[in-house]
Each structure stands twice: as C-alpha cells, then as structure tokens.
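[1] missing the sequence, but the structure's below:
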C-alpha cells in the first residue's frame, strides 16, 4: 500500500495549502430571510408570505448588467421574504436546453428568443403562466408582446426587458460641423451617405464578428429592410415561412442591405474593405465614429454600453443615434427584441415572481436602475422616474405607443436551424462575396421540413 | 502535486544513471551543439512569443491594447495593474477566490480517481492473461473518440435522477469517466515497456498480482503517473464544458474557467480583462508543471532498466 | 455551500474512493496463481468497465440510434442524415477540413516535439527549455484564442491605424500590406491548425523526451563506436527505440484533433468554410436543434477513428508476438 499511503501524505500537504485559500474566502451566512411588512411593501402584499422560499433564476445576462437586474429583485425579496438566486452565464442558451432535456431546469429561465422559448416548451418541462401572471400581462402589455411569450396559444412567459434595434449611431458633432441633418427617409439616408462618400470618407462602418454567432447583425439589417420595403404583414409572412426565404421580397430586402454593406464606397469606414466587416467584432463595429473615420453605424440601443468610458451619449454629445428611417417620413416601423420569464416549477413563489416582473413596480424599478436594463414594453412603467439616456426615452416612447408598428427580431423567432445557424452563416458568406441569390437559396434549403 | 512526495518512497533511485548520462552527453554534444542550439532557440522563441504577447497585453491600459500592438509597449511603456484589479474584483459576490477554491476541489479527486482506476485496469490489460483481453482493451481505447457533448444529456439525466445533479460529485464522476480511456491507453503502453523477465521473476518468487502491482509496477511507473497526472490536471483545470453543464454555472461549485468565460460580460471584446484573467488561470498549471517537471527530465519509466 | 463544506465533501469523496480501491485490492490479494488471474483481472477492471459503460458506451449507442431519426428525434429518417453529410456542399467542405486537420496536426506536432526533445536532451537548461514548449498546454482553449487574436488580428492599411496582430505587423515591417488571415479558405484552416500544433507539440515533446531518456546508453555507445553520425543515430537508433512512444503520441494527438472544436468555435465560429466535423456536430446538436444530423456527424467521428484503431490493433498484435 505504499503508493496509496504516500498519496495520502501528498494529499495532507495539499490540504494544508488549501486551508490557506479557505482563510481568504469568507463563509457565507445562510440565515433565512423573513418578510418585511413596512409601508414600502404595500404593492407587494398580493404576492403573500414567501419567507424561506427560493426561486432559482437562470439567465444569459452577464456583467455589468447582472448587477442592475439583481437590484430590481431586492424589494420583492424584502417584502415577500423570498430569496431570488440568480445564475448568470453567457452560455445560457445551450445550457438551459441541456438542463431542460435532462430534467434539471432552473425555476425560471430568462429567454431572449421566442424560438428558444418554443424549444424549451417542447421539452415538456415548462409550466404555463398562472392566472395572476396572465392578468398582469393583459393589463400591462400589448397583445403582440403576450403572443411572443405564448406557444401554440398557451401563454407561458411574461416579458421582461425590451430593446429597440432600428437605430443608426452617428456623431452629432460631425453633423453640426458639416451642416448635415438627420435623414427622415431611406432615400435621404442614401443621399447623405453619397454626399459623405463624395468627400472621400467611407460613411458606414460595421462589424458582424460574434464568435459562433458571427453574422447576426446582418440578420437585423435584413429584418429592418424587410419591414421598410414590404411592411409588417409581409414581414410576418416571411418570419413564419408563409413566403419562401428566396422569394422576391426577402431577396430585395437583402439586396437593399447590400446597397450599404456591400458598397465599397460606403464601407468599411476606419476598418478596411467590405470583407473586414466579417472579421470585425460587432462590439468594435461602431467605434470608428469616435475617431471621425466613419459616420454611421446601425446597431441596437444596447450599443450605448459599448462606447468607451468618457464618451457622452446625447443629442449634442460625441455620439447619439437616430431612428433608421422608413420609406417615407410617416412610415415608422420599429424592430426590437426582448426577454421572457419562462417558469419550470409550478409553485406559488415562482408564479409570484413572474407576476412581479410583469408589474408596473418592476418596470419602474428597472427604469430607475438605468444602464442597459432600463427599457421595457410595460405600459405601467413610470418613465418619469427613469434614469435613462435619450436613446432609452426614445425606445420607451416607441414601445409604449399603441400606434407604433413594432416587430420582434425575426431571426429569433425562426426555427433554430435557420435563426441561429444558416441565417448567420450564409449572410456572413454573403459579406465575403457570395451572391444574394445563392445566399437566400441556401437559407431556404436549410429551413426544417414539415 | 499528489504524487510529488511519493518519489522518495520509490525503492529504485536513478540518480547515478542520470549523472552518467549528463557527463557523457556533454562530451558528445559539442559537435552539433551550435546548430542544435540555434534551432532549439528558434522553436522556443516561436512557441513563447504568443503567450509573451498576452503577458504584455495584460499589463497595458485598455486603450493601448485596442489601438496598438503589444510590441509597441517597448517603445511606449505604460504599465497598469488595473486589468488585474478589475478581474479580481469583478467576478460576482464571492470574488475570484471562491471560484479558485472550487477549481481545486474539482481537480484533486478528478485527477486521483481516474488515474488510480486506470492504473489497475492498465495492469490487468498488460500483465494478466484472460479471454477477450485485447478486444476489451481496443474497445476502451476506441472510446476516446466519443465526444463529451453526446454524453451530457444522458449523464445529467442520470445525475438528476440519482440526486447528485449540480454537486461536485457529478463533476468528479464525469471527469473520471472521460479521462479513463486515454489514461488506460497511455499507462498500458508504459507498462508494456517493463521487461517481461522482471514480472516473471516476481511470479516465480510467489508474488501475487497485487504485490507485483504495488511493489514492482508502482515504483517504476511513478514518473509516468506523474506525467499523466499533469496532463489530466491541465485538462480538468482548463475544462469549461463539463464544469458548466454539471455545475449549472452556480458560483457554489463552478470553477474559475466558468468565471473567466463570463468576465468580458456584455462588452464581448474586453481584451484587457480577458488577457489578465487568462494569465491568472495559467499561473497554477505552470506552478504544477514546474514542480513536477523533474519526473519528465528523468524519463517516464524510472530509467536504466532496459539496459 | 461554505468553504469547509466543500472541503469536507472532497475528503468524503476521496475517502470513499480509497475505500473502494482498498476493497478491490483486498479481494484481489486473496487470489493467487494462474487460476486466480481471471478474478484479479475482473476486480481490477470492474470500476472502469462500469463507469465507461454508463458514461461513454450508453451515450454512444444512443447517438447511433438518434442518427437514424429526424431533427426532433421523433420520426425514423433512415439514412437521410448521412445523405445530407455527403451531398450538401457545406458538409463536404467540413469533411475536407477535417481531413486537412487530421493529416497535418499529428505529424507536424509530433515532428516538432521530437526535434525539440532531441535538441534539448541533456542540455544544461533542459528543464527551462522544455517549459517554453510545454507552456501552451497549460492554457485553456479560450485563453489560446485570445492569444492568437493578437497574432492574426487585422487592421486596415490606413494612416493613423496601427496593426495589433503580430503577423500583419511583420508583413508591414517587411513592406507588405496587412492580410485578413482567417477569411480565405482553405488557407484559413491552416492558420487554425497552427494553433492546435502550437498546443500539442508540448505533449509530444514531453512523452518523446521521456522515451528518448529510456534508450539504453550502451546501444547509443555501441552505435557511436561504429561511427554513426547524428542523422544515422536519429534514423537507426532513436526512432526505432522510441517507436512505441511515437505511435502513442501520434494516436493521441490524432484523436484529439478529430475531436477539436473549441479552437474553431472561438476563433472563426466555423465561418469562412473553416468548420470541422466536431464543430459542425456541436452546432447542429446545440444551436440548430437538429438532433438527427448532429448525431450522424458524431457517428461519422466514430467511423473516422477506425483507421487509427486498426493501426493500433496491428501494433498490439506485433508487440504480443515480440
């Protein structure tokens, strides 16, 4: 037994080393929370006493936004006595599916794509929303948003945050110095781009690099153009595959994107040639605006977080964004995204937490928190309390406007084989030279049968 | 770490052989040594430059990293420890410390268990005659190709059903399973190298397999076990997929790789944080390698036997 | 979970494991002689066989089963998934790349590892010199992808813009213009293969160096007395002596290369025609929600390893008759 004995000795040594580490890491206290009933908790009595109960939440939202999210949970924990235990991990999207399929899902998953929501519901482990949650959502959200959280007519997941994607980032300083005005139609945008291009500057910059998700910014571009060229009804047909991916409308939409992104006079300001779009990380795609090498970058409201510290984001600051114009000035379709709280455990505390996130109190808390988590499509959110940027205010305005035409990111709602594979892959090939026809044909071929 | 101080217990010391080797080696090396050294230096430099670049990057300010290559550090040296400070403070409430501890808790059993089991199995394959031995060996060897990903859902289902889902047990068992085929394959080959006569002689003296295993094999294989131990240590230490799936990502049991993968956060290209984080996680494997390296220098079989 | 709880848990696991091994040893030590061999082999192999059956064989069989089913795993699809692999042009590129990886990586990594092991053998600073080559092994794939970003990164050839990728900077210093290394197929695959070689050479060097040290000194001495020069020594003494170790290294790296997907996934995401079977399998199973095609790609991996297995069977037979 000499080998085993000596292994034991080696182990004792390691053990003493580890004790050092122990001293560094503090022992967490595991005292149970109890419910508070102060006046600040008036709005929370509806959730009842949840002392000692724990809700495990799993999300792909990571630093620094995880801290903002956790902050919005504090009043609920304080007033109900429940503990919300969050797991924040970037690989959420693959992990949650593995967990659900293996019968080990979290209590609540914060799902950013309707397509993934459908896959998760298909595992048979998800729990439909309670009557209280449904009532809260009916009160605070439009029927569109409720539909995004439903699968086959059953409502599962109340919406959480929302973001607005139809934005073009630009430099207000440059506009002021050169006397440019914010374009209000697509044609004006092209005219202005040509004007800037004529000065020898490449007006647009873009980056679509995002690891295995490389290509997704083009899917957003194409969705925006689909909405602008053909309107919301055709857009819905396209997303639901009622028209083929290679039919004339989507083909024209992709060609419209090509007028910007595959136009060597337009791109890639400060970053290289057209192909450099494919290798530039999407986070870096707009940065040349700050150095004056580029004028326009189309990216969602969350891009606000990507500007380096010290950049002022305001209508007269270093950078700001304007609405990506429609065909006419009156025509204002908006492309956006959002997250949904899908429950996997049929328990009062899980349903109560889902209801809470759909409430006006939560939406106001999120708005107060600001950062990348401020905006939601919740009509009961008190926008006056928002510590949000001008961009967020604009997004709130559009999302709460009952007349605005809002459409959810289409690739997120398409089947995974398209929305998180071939759409990305083929549009990336398209940037590096593949023709529009081959691109849409290949995506159409990848659409799951049946 | 585990087998490090098992060495003095080994009855066969090889120091005299090494001494002779070095002396004669120096004499014979003179002829080719100049060219040999040059080529060796070139390879060493090529192999080290990428990591060196990372090291330099980790102490440069964020803006510098994005705007110029790491080599411009030498003409324009700005040193900052902000990246390290940010990494050490940014990872959740427990800080990086608790992830570090988890990594140790995960790695120690995940090295000991598969290697001990593999040693027993490899011995059976190498030195015990039984029916179907080669077939079984080939089957286990071929299992190396099974991608870990295909095992995730079945294994996790099993762990959840048996109540050990989301615990260290699930991670230890998984790492042990995944390590076995390669460890058995490597150890079998090393054991086969031991001269048959040695085993036969021991058997003639009436030694049983257990005694041969512990008194003959283990001392001779200590360096090989140390080497495989290091490889297994590195694979487990650097593993993300297994830990992520079976820990569910909670800070309770997730190792440092999980924390590092989330370091850059929403901003994706936080190269300043990533390079500092990568360096922090490299530190431990390097220390382990350097402290166990004497086994490599001596040879995987405890030397001199074949002569 | 507090730190001390974690620690206790680990001690429990190790204690339990020691008890199991102790039991095995106890049982095995009661059987001696040729007749007891089967029992000893049985108890020595029992834990391994159980773990491997549950953790590898069962999932592998399940995968083979699903490879004949559709994307959701609910309808029998015959050989459709396999047909897709061998007919769709994207999948054929994947196969081509995989062949490229498996043909190049093991041989180049082994050759460099061997060369280096011989060069630094018995050198004064051998330990340090080896640490340099071994270093990449200690780095995770995520770490490696960050490291190589600083090599391959492209910045446009414009005034005021500096390169941050070393390779392009070298090109610029030599008077050339920067190049986007990871875009043009099939060269981009080669640049990814370089990363794998960089990682695996350390493994080859470590194992082969140990094997070289095990070459009996008298053989070397005899050859030298016969007037054998450096190349002859390598060709007729070193290589034949370490042949088993060479096969082990080639095999291990070969299988590791077949399975590699992290490098591709983190560096190009499988874009620009760089995907390999292991990465495609991952993408189809976990991103595309196409369980059937994913499973078929995994089965293809099982098949690709067959030549390596057969070669090892032959080696095993040869060593038996030795």
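    Yes, it's here. Nothing here was measured: the structure is a model prediction, and the numbers come from that model.

[2] could you check whether the helix ranked longest in chain B is close to chain C?
    Determined from DSSP state H, the single longest helix within chain B is helix B:95-127. Yes - looking at helix B:95-127 against chain C by CB under 8 Å from any CB of the partner chain, the contacts come from B:98, B:101-102, B:105, B:108-109, B:112-113, B:116-118, B:120-121, B:123-124. All C-beta spots, glycine's among them, are computed from the backbone N, C-alpha and C.

[3] Show me where the stretch 201-307 of chain B dips below the pLDDT cut-off.
    B:249, B:264-269, B:295-307 (pLDDT under 70).

[4] need the helices for it, in chain order.
    Taking DSSP state H, counting those that start in this stretch as the criterion, the stretch 201-307 of chain B carries its helices at B:209-211, B:218-238, B:241-247, B:256-261, B:271-298.

[5] can you give me the strands in the stretch 201-350 of chain A?
    Under the criterion DSSP state E, counting those that start in this stretch, the stretch 201-350 of chain A contains strands at A:297-298, A:320-323, A:333-343.

[6] who wins for proximity to chain A among the helices of the stretch 201-307 of chain B?
    Among those, helix B:218-238 comes nearest to chain A, with 4.3 Å by CB to the nearest CB.

[7] for the closest one, which positions count as buried?
    B:218-238 (16 or more other CB atoms under 10 Å in any protein chain shown).

[8] Taking their axis directions, it and helix B:271-298 sit at what angle?
    Angle, helix B:218-238 to helix B:271-298, by axes from the mean of the first three to the mean of the last three CA atoms, to 10 degrees: 170 degrees.

[9] quick one on the thing from earlier: out of the helices of the stretch 201-307 of chain B, flag the one nearest residue A:155.
    helix B:241-247 (30.3 Å; CB to CB).

[10] Run through the neighbouring helices and strands of the closest one.
    helix A:92-101, helix B:148-161, helix B:168-193, helix B:256-261 (3 or more CB pairs under 8 Å, 6 or more residues apart in numbering or on different chains; DSSP states H and E).

[11] List the contacts of residue C:223.
    By CB atoms under 8 Å, 6 or more residues apart in numbering or on different chains, residue C:223 lies in contact with C:232-233, C:236-237.

[12] can you redo the strands of the stretch 201-350 of chain A as CSV with mean pLDDT and mean neighbour count?
    Formatted as CSV, the strands of the stretch 201-350 of chain A follow (pLDDT from 0 to 100; neighbours: other CB atoms under 10 Å in any protein chain shown):
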stretch, mean pLDDT, mean neighbour count
strand A:297-298, 96, 24
strand A:320-323, 91, 22
strand A:333-343, 93, 24
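
[13] For those, could you give me CSV that also reports distance to residue A:417?
    CSV is the format used below for the strands of the stretch 201-350 of chain A (distance: least, CB to CB, whole Å):
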stretch, distance to residue A:417
strand A:297-298, 26
strand A:320-323, 32
strand A:333-343, 20
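
[14] now those as CSV including distance to chain C?
    Shown next, in CSV, are those (distance: least, CB to the nearest CB, whole Å):
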stretch, distance to chain C
strand A:297-298, 16
strand A:320-323, 24
strand A:333-343, 16
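
[15] In the stretch 1-150 of chain C, where is pLDDT below threshold?
    In the stretch 1-150 of chain C (pLDDT under 70), the answer is C:33.

[16] please redo it, this time with the cut-off set to 90
    C:1-7, C:25, C:28-39, C:71-75, C:78, C:84-85, C:87-91, C:120-132, C:134-147, C:149-150 (pLDDT under 90).

[17] And chain A, what are its domain boundaries?
    Residue ranges for the domains of chain A, per automatic domain parsing: A:39-164+A:336-403, A:167-335+A:409-446.

[18] hang on, the earlier thing: how far away from the center of its chain is the longest helix of chain B?
    Counting by CA atoms, centre = their mean, to the nearest Å, helix B:95-127 is centred 10 Å from the centre of its parent chain.

[19] Minimum distance to chain A, which residue of the stretch 51-200 of chain B gives it?
    In the stretch 51-200 of chain B, the residue that lies nearest chain A is residue B:156 (3.6 Å; CB to the nearest CB).

[20] and that residue, what is it in contact with?
    The neighbours of residue B:156, taking CB under 8 Å, 6+ apart as the test, are A:98-99, A:102, A:104, B:165, B:170, B:245-246.
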